[in-house]
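[1] Here is my input, please return the structure:
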Amino acid sequence: MRILVTNDDGINAPGLAVLEEIARELSDDVWVCAPAEEQSGAGHSLTLNRPVRLHQHGPNRFSVSGTPTDSVMMALRTVMDEKPDLILSGINRGANLGDDITYSGTVSAAIEGALAGIRSIALSQVYAKEGMGDDVPFDAARQWALSAIEPLLHAPIPARTLFNINFPPINASQVKGIRAARQGFHDYSRGSVVEGRDPRGYKYYWFGLNAIEHTLDHGTDLEAIDEEYISVTPLQLDLTHHETLAALAERFKT
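    Got it, this is the predicted structure:
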């Protein structure tokens, strides 16, 4: 089995190193192609207004001066001579739960894989405290990732569908198990906007990452993490609301 490993935290991120170790337990044919620098919040964006640079860091190990989507596209179209059987994206430093998946570069790398017809899995390690930098503990992800990934390797999955895994912010020994869960939704809040001034006196704005309040709906990824379970959520790329489509078709009949 050939595996492509990528992320949105960058080629030197601790979570990527953890995921490489996990991938090598599944296969001896592992490739890495990740952003050269952190691209958190990049979503499913492409770099279109400047050239993308590709750098090799060793056998089957590359970085791209662009987004997670750029990284997967470069891996599939330039770096690898054959498509991988599996794409693993992460392990992200921080949660990708609920509606936050729409901003996630980690999930978007897996989306690009799903669009290419490749089984793709996004993995994220939730953490409890703000401002941890690279000190996020990946203990739960490191110890439980294989148990979460292996059942998904041959699970039936429709085209253009991917899996999103989140690990709770606790020690591996405290994890209660793995739970299949639907995507939840946070109570709407995008954190704070922090205003400052640069050394020349000009204003700048920085989006803060304040804790987001949410109401825990039953059966969601948010509830699973809150109850100390690993959440596994299948995500589909067809965003069409089919019931509304049928109603619209009636309205626009000629």
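[2] All the strands of the stretch 151-254 of the chain, residue numbers only.
    For the stretch 151-254 of the chain, strands defined by DSSP state E, counting those that start in this stretch occupy the ranges 161-167, 178-180, 193-197, 203-207, 230-236.
[3] List the contacts of the first one.
    When contacts are taken as Cβ atoms under 8 Å, 6 or more residues apart in numbering, the neighbours of strand 161-167 outside the stretch itself are 91, 95-97, 101, 107, 110-111, 113-114, 120-126, 140-141, 144-145, 148-149, 152, 157, 175, 183, 221, 224-225, 230-237. Quick note: C-beta positions are derived from backbone N, CA and C, even for glycine.
[4] List the strands paired with that strand, with their directions.
    Strand 161-167 sits in its sheet next to strand 119-125 (parallel), strand 230-236 (antiparallel), going by DSSP bridges.
[5] Reformat those strands as JSON lines; add mean pLDDT and distance to residue 18.
    Converted to JSON lines, those look like this (pLDDT from 0 to 100; distance: least, Cβ to Cβ, whole Å):
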{"stretch": "strand 119-125", "mean pLDDT": "98", "distance to residue 18": "8"}
{"stretch": "strand 230-236", "mean pLDDT": "98", "distance to residue 18": "15"}
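[6] Which pLDDT value belongs to the residue lying closest to residue 237 once chain neighbours are set aside?
    Excluding its sequence neighbours, the residue lying closest to residue 237 (Cβ to Cβ, 6 or more residues apart in numbering) is residue 160, at 4.2 Å. Looking at residue 160, its pLDDT reads 96.
[7] I'd guessed residue 160 sits against residue 113; true?
    No - using Cβ atoms under 8 Å, residue 160 is not in contact with residue 113, being 10.4 Å away.
[8] The two: which has the busier surroundings?
    residue 113 (27 against 14; other Cβ atoms under 10 Å).
[9] residues in contact with the more buried one?
    Residue 113 sits in contact with 4, 72, 87, 89, 119, 120, 162, where contact means Cβ under 8 Å, 6+ apart.
[10] Kindly indicate whether the third one is helix, strand or coil.
    To tie it back to what came earlier, the one meant is residue 87. strand (DSSP: H, G, I helix; E, B strand; the rest coil).
[11] Right, I'll leave it there.
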